[in-house]
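Peer 1: Dropping the sequence and predicted coords here.
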Protein chains: 2
Amino acid sequence: MSTEQRGELGPRKMAVLRAVVEEYVRTGEPVGSETVTEHQSLGVSSATIRNEMAALEELGYLTHPHTSAGRAPTDLGYRRYVDMLPPGRLRETQRRAIADFFRQTAHDMEEVLLGATRLLSTLTQYAGLAVPWPTAEDRIVRAELIELGSHLMLLVVGEHGRVYKAYAARPEDLHPDAPRSASEQLSALSGLTLSEGAERAAAMASEGGPGERALLALVGRALLDVRLRAEEEHVLVSGAGNLAAELASWRMETVRRLLEAIERESEVLSLLRQASVAEDLSVTIGGEHPSTELWDAAVVAAPYRSGEISLGSIGIVGPTRMDYLTAMTAVRAVARRLSDLATELGAQQ
Amino acid sequence: MSTEQRGELGPRKMAVLRAVVEEYVRTGEPVGSETVTEHQSLGVSSATIRNEMAALEELGYLTHPHTSAGRAPTDLGYRRYVDMLPPGRLRETQRRAIADFFRQTAHDMEEVLLGATRLLSTLTQYAGLAVPWPTAEDRIVRAELIELGSHLMLLVVGEHGRVYKAYAARPEDLHPDAPRSASEQLSALSGLTLSEGAERAAAMASEGGPGERALLALVGRALLDVRLRAEEEHVLVSGAGNLAAELASWRMETVRRLLEAIERESEVLSLLRQASVAEDLSVTIGGEHPSTELWDAAVVAAPYRSGEISLGSIGIVGPTRMDYLTAMTAVRAVARRLSDLATELGAQQ
DNA sequence: TCTAGCACTCTGGGCCATCGAGTGCTAGAA
DNA sequence: TTCTAGCACTCGATGGCCCAGAGTGCTAGA
């Protein structure tokens, strides 16, 4: 059994594949054997390269738009390329952009995340994405009931400064002191998770005095509502316009479907969720995506963590014809800095 | 001086202009005199229409891509068309979509707004926009200091349930009771605007005991910070993908620049800010926009109010070749419902 | 003032020849 | 065995050409 059949390419085939991918990404034109010989210093003639390219095509890594055209990578070719890619280094300007961003950043993780997607979209010229995992089991630091005219607002502050709100109509027969006394009782919820808090409030309602009973029951329901909404995930996006830019090669319809898929969130969400279990980077390319909307796109994502706990994923979407090296390097760097920040904040809090 | 020179078109010219616009919007093809005669029942021949069209071109309402092509509206032509357009009626499905949305809506205005842009984008197939005006003069309902590990968080609740956060490092020598006692003092800020609150906190700092002094000064600074950030405006967008869809006629570059301009916010912001002073609808078309990015786009926007106070603007962006009647009707209807909701909430609170 | 008729103009599409990039193959060199 | 030089071949892209058709502008007459 030859090494090729076992899926291991010889070093020269690798070099050729790499040259084709990089040249194709650069120019967008199918790459001919001549170009590869000029570009790479392999010390072999174009005829040899041609043979190698034919072999790579046979193996499914390259295609041929038509007989007399050069080769372009298939999704599988990109995959192979990505898998062999050694970690890259950031350009100085990029390094500085990242450092600047994390130097002047706020404490609010959600805000930082949005900024980080923007950072990624300018670093890579693709669209930046982020998904913070939902925090259904966030712990309550404070909970209180606030009167706003004819409504009551339940305000809950979670462990990391996250704020949750829920509204309810103010009961008709509310005693003026009731919100205050209920709020005092709510201090008992500190340290509980949202779900535990909801249960506890319900329990307190069945024990409490008649005046508080109604209010506490209401708080219990509101907390359940908060917990439900805290479970919802959503994707932060920046630089969607870049997708229309870089992708002059795409048809308008493709761009539309991609933008729609991103806005609909679900596809991207499940993708980034997968990324979060990955150790490091996760790259998915074209046909590897389950849904057709993303068949012309590639997603590079990485989890960010506080210590060992995965908090979410951050990454980019772009065309399959992507500068993977730059994209991967940038995503990796940003994810790492984000993890550092989250760990630092988490450890302190 | 003829009526035409005074800028008033005869009724037949109006009818022709209208027919050309609507046919062009429908098909995207330049419209010939024959088509207009078939389509409209004006009872005149195509030759007469040709004369009218030539006159309309002379007046700058129509153009001619080339000699043997039909006419397409200019920006000025669209403007004229929009100005003469009688208010339209919603289709039953649209009416229902709007009613459904406002029936099941939450109390949180920001959340409702985002939903409303989504609603508009599905109603019109263009991109939905909204800008809530900043609330630098929001009044403080509650302000408190919360300990989060090594940080302190200042949490401020505004009049309409808006929540503001600011973080500060926890002073080294903080007395365990200090945050609590400071929080108690902060109840004195209720009813003040954010700026007044900042001043007041600073004043309290200079009067208070040595333990509280530092904390209150910190609160004053944090409130200033909150106020600054509350002044920032930003645009909510939904359905950006629609822009790539409807606009198959556009070049990719145009779409990109438009999407970028939207994401950059500033252009759109100033546009919607103008809309907010308008009584009712404001429509800006193509070259009427100051910045070139929007020269192929039209924006339909309307303010929404609580009582007499303008709270922000909501609207859509699409191509100049837009179904203005549908767009205007939808924006008007949604803005009205939004005003009703805001008024209702505002009156209660 | 409107209409019928007609000559004129211009674009878009189909067709064709040409060009050239790039291939695949074969035969010979290393 | 592996590589290379050479060469015939393929096929899309490009540009010229022509024609049909849509739509105009104008003129003369109702």
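Peer 2: That came through, no problem. Bear in mind the structure is a predicted one, so any value in this text is a computation, not a measurement.

Peer 1: How about the helix or strand in which A:Leu258 is found, which residues are buried there?
Peer 2: A:Leu258 is part of helix A:252-264, with elements assigned from DSSP states H and E. Neighbour counts over helix A:252-264 (16 or more other Cβ atoms under 10 Å in any protein chain shown) mark A:Met252, A:Thr254, A:Val255, A:Arg256, A:Arg257, A:Leu258, A:Leu259, A:Glu260, A:Ala261, A:Ile262, A:Glu263 as buried. Placement of C-beta: from N, CA and C, glycine included.

Peer 1: Same list (those residues) but as CSV, adding distance to DNA strand C.
Peer 2: Conversion of these to CSV gives the following (distance: Cβ to the nearest atom of the strand, whole Å):
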residue, distance to DNA strand C
A:Met252, 17
A:Thr254, 22
A:Val255, 23
A:Arg256, 23
A:Arg257, 25
A:Leu258, 27
A:Leu259, 28
A:Glu260, 28
A:Ala261, 31
A:Ile262, 33
A:Glu263, 33
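
Peer 1: how far away is A:Phe102 from A:Ala333?
Peer 2: 10 Å (Cβ to Cβ, to the nearest Å).

Peer 1: With A:Val283 instead?
Peer 2: 15 Å.

Peer 1: How about the contacts made by A:Glu260?
Peer 2: A:Glu293, B:Gly241, B:Ala245 (Cβ atoms under 8 Å, 6 or more residues apart in numbering or on different chains).

Peer 1: Redo those as CSV? Include secondary structure and distance to B:Val21.
Peer 2: Formatted as CSV, the contacts of A:Glu260 follow (DSSP: H, G, I helix; E, B strand; the rest coil; distance: Cβ to Cβ, whole Å):
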residue, secondary structure, distance to B:Val21
A:Glu293, helix, 34
B:Gly241, helix, 26
B:Ala245, helix, 21
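
Peer 1: Quick one: low-confidence residue ranges for chain A.
Peer 2: By pLDDT under 70, the weakly predicted segments of chain A are A:1-7, A:106-107, A:136, A:211, A:246-249, A:346-349.

Peer 1: tell me which parts of it are close to DNA strand C?
Peer 2: A:29-35, A:46-47, A:50, A:53-54, A:57, A:64, A:67-71 (Cβ under 7 Å from any atom of the strand).

Peer 1: Could you pull out the helices in the stretch 201-349 of chain A for me?
Peer 2: Secondary structure of the stretch 201-349 of chain A (DSSP state H, counting those that start in this stretch): helices located at A:210-231, A:240-246, A:252-264, A:266-277, A:324-348.

Peer 1: Please see if the fourth one touches chain B.
Peer 2: In other words, helix A:266-277. No. Helix A:266-277 lies out of reach of chain B by Cβ under 8 Å from any Cβ of the partner chain, never closer than 12.9 Å.

Peer 1: Tell me which of A:Phe102 and A:Ala333 has more neighbours.
Peer 2: A:Ala333 (21 against 17; other Cβ atoms under 10 Å in any protein chain shown).

Peer 1: what sits against the more buried one?
Peer 2: A:Leu90, A:Gln94, A:Arg95, A:Ile98.

Peer 1: From those residues, list the buried ones, please.
Peer 2: Buried, going by 16+ other Cβ under 10 Å: A:Leu90, A:Gln94, A:Ile98, out of the contacts of A:Ala333.

Peer 1: and those residues as TSV, adding distance to DNA strand D and secondary structure?
Peer 2: Listed next are the buried ones among the contacts of A:Ala333 as TSV, based on distance: Cβ to the nearest atom of the strand, whole Å; DSSP: H, G, I helix; E, B strand; the rest coil:
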residue	distance to DNA strand D	secondary structure
A:Leu90	36	coil
A:Gln94	35	helix
A:Ile98	40	helix
